[in-house]
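> Sequence and predicted structure, then a few things I'm wondering about:
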Amino acid sequence: MKRRDVLRYGIVGGAAVMGWACQRKVQTVSPTVADVRIRWRLATSWPPNFPIFEHGPRRLAEMLERMSGGRFTIEVDSAGKHKAPFGVFDMVRNGTYDMGHTAAYYWKGKEPVMPLFTTVPFGMNVLEQYAWFFYGGGMQLMERAFTRHGLLSFPAGNTGVQMGGWFRKPIRSVEDFRGLKMRIPGLGGEVLARLGAEPITLPAGELYTALEKRVVDAVEWVSPAIDLTMGFQEIAEYYYLGWHEPAAELQYLVNKRRFEELPSDFQAMLTAALKETALDTTSEFFARNAEGLEILQTRYPRVKILRFPDDVIVELRRQTHLLLQEYAARDSLFREVWENQQRFQQRVRRWTEISEQYYLAIR
């Protein structure tokens, strides 16, 4: 959708969220368009009433209904209803659902490049990644990756730096990963596999039982805000700081044909609401993680919050770079996106270091 289309229909509230300045007068929508009523269905990859994760799509539905005066409604179905948390990609692509709320790194089996639109180990932080999406060419690259599947993809909110996982035993060396069965998706899981671990992908609803029953030895999920609700602190004693997901971006998937069939004002409303709810989700994650950390430290003193040893981090970083190089050698779009991210990160990291990093270091 072109910027001038948004301005034409004068979606003032949405335009403010999108950061667009609009001085034009609002034009009257034709009776034909004004009479249009759209009802969409959205599938999530999350269990029913899952904290924070499900807030975004439900806020989206509420916002669109208000913005449209009830003309544009969305029914949100959790994975508990459709029973396919890792099937959202195909359900949106084939039109069973009009859109989804999920994470792009679940689709690495579709194309190797997909995880790069969620997060990269040792990659950009939240501010850097959002700058890349909207001002560094990220949205255009993501569009190229998904439109060939008949889909559109939009940022849906960022968890921030995710924790490195819950472990029953401490990690003292690289050798401790050998034979370790761990729930960890995406590129992080592939890196650990190079160290001899066995990465396993499981839906959220199965994680507690898998750790409790020792189906897995360790679980990486998100961060204190979500992890405490899962109960991992009752089972595992060691909680490690993160390296693999410095800015995990959730994803709104939209069926491209269905989007193009929408009237222009509905397209504008949807695009604005997607961005607003992404910002809201990112803000909520940060606030709830701070609360979760306080609860963890005061109520669960047996849990040890630890850093991986320096030599482990060095090896994780080295294996990450080798893995990304191998993907880049095999897939041209992966190489283009990764190289674009590297260039952007190198440029903006200088500013991060003398602004955010310096400020946090002063006492």
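Great, that's in hand. Numbering: from 1, shown residues only.

> Just give me the longest helix of this protein.
Longest helix in the chain by number of residues, with DSSP state H as the criterion: helix 264-299.

> Which neighbouring elements make contact with that helix?
Packing partners of helix 264-299 (3 or more CB pairs under 8 Å, 6 or more residues apart in numbering; DSSP states H and E): helix 3-9, helix 12-18, helix 55-67, strand 72-77, strand 151-158, helix 224-230, strand 249-255. (Glycine included, C-beta is placed from N, CA and C.)

> okay if I get the ones you listed as CSV plus mean pLDDT?
Below are the helices and strands packed on helix 264-299 laid out as CSV (pLDDT from 0 to 100):
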stretch, mean pLDDT
helix 3-9, 37
helix 12-18, 36
helix 55-67, 98
strand 72-77, 98
strand 151-158, 98
helix 224-230, 94
strand 249-255, 98
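
> Out of the ones you listed, indicate the one that is most buried.
Highest mean neighbour count among those (mean count of other CB atoms under 10 Å): strand 249-255, with a mean of 26.

> so what secondary structure elements neighbour it?
helix 55-67, helix 88-93, strand 99-102, strand 151-158, helix 264-299.

> How far does the very next helix or strand once past that strand sit from its chain's centre?
Sequence-wise, the next helix or strand downstream of strand 249-255 (DSSP states H and E) is helix 256-261. Centroid separation for helix 256-261 versus its chain: 23 Å, with CA atoms, centre = their mean, to the nearest Å.

> Below-threshold pLDDT in the chain: ranges please.
For the chain, applying pLDDT under 70 flags the ranges 1-34.

> List the contacts of the closest residue to Ala273 other than its chain neighbours.
Counting by CB to CB, 6 or more residues apart in numbering, Ala273 lies nearest to Met63, which is 4.6 Å off, once chain neighbours are set aside. Met63 makes contact with Ala273, Glu276, Thr277 under the criterion CB atoms under 8 Å, 6 or more residues apart in numbering.

> do the same with Ala247
Applying CB under 8 Å, 6+ apart, we find Ala247 in contact with Thr119, Gly123, Met124, Asn125, Val126, Glu128, Gln129, Asn158, Thr159, Gly160, Val161.

> One more pass at 6 Å, please.
Thr119, Met124, Asn125, Val126, Gln129, Asn158 (CB atoms under 6 Å, 6 or more residues apart in numbering).

> closest to Leu180 out of the helices and strands packed on helix 264-299?
In terms of CB to CB, the element of those nearest to Leu180 is helix 224-230, at 18.7 Å.

> So what touches that closest one?
Residues outside helix 224-230 that contact it (CB under 6 Å, 6+ apart): Pro51, Tyr208, Trp221, Arg288, Asn289, Gly292, Leu293, Leu296.

> If we use 8 Å, what do you get?
Around helix 224-230, the neighbours that count as contacts under CB under 8 Å, 6+ apart are 51-53, 163, 166, 204, 207-208, 221, 233, 239, 285, 288-289, 291-293, 295-296.

> Throw together a PyMOL command that grabs the buried residues out of those residues.
With 16 or more other CB atoms under 10 Å as the criterion, this PyMOL line picks the buried residues out of the contacts of helix 224-230:
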select buried, resi 51+52+53+163+166+204+207+208+221+233+239+285+288+289+292+293+296
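
> What are the buried residues along the longest helix of the chain?
Neighbour counts over helix 264-299 (16+ other CB under 10 Å) mark 264-278, 280-282, 284-285, 288-289, 292-293, 296 as buried.

> cool, and stretch 77-94?
For stretch 77-94, the neighbour count (16+ other CB under 10 Å) marks Asp77, Ser78, Ala79, His82, Pro85, Phe86, Gly87, Val88, Phe89, Met91, Val92, Arg93 as buried.

> Give me the contacts around the host helix or strand of Met182.
Secondary structure from DSSP H and E places Met182 in strand 181-183. With contact meaning CB under 8 Å, 6+ apart, strand 181-183 is reached by 165, 189, 192, 197-202, 207, 210-211, 215-221.

> Please pick the buried ones from the residues you listed.
Of the contacts of strand 181-183, these count as buried by 16+ other CB under 10 Å: 165, 189, 192, 197-200, 202, 207, 210-211, 216-221.

> What about these, which are in strands?
Residues of the buried ones among the contacts of strand 181-183 located in strands (DSSP state E): Gly165, Glu198, Pro199, Ile200, Ala218, Val219.

> That's all I had, so thanks and see you.
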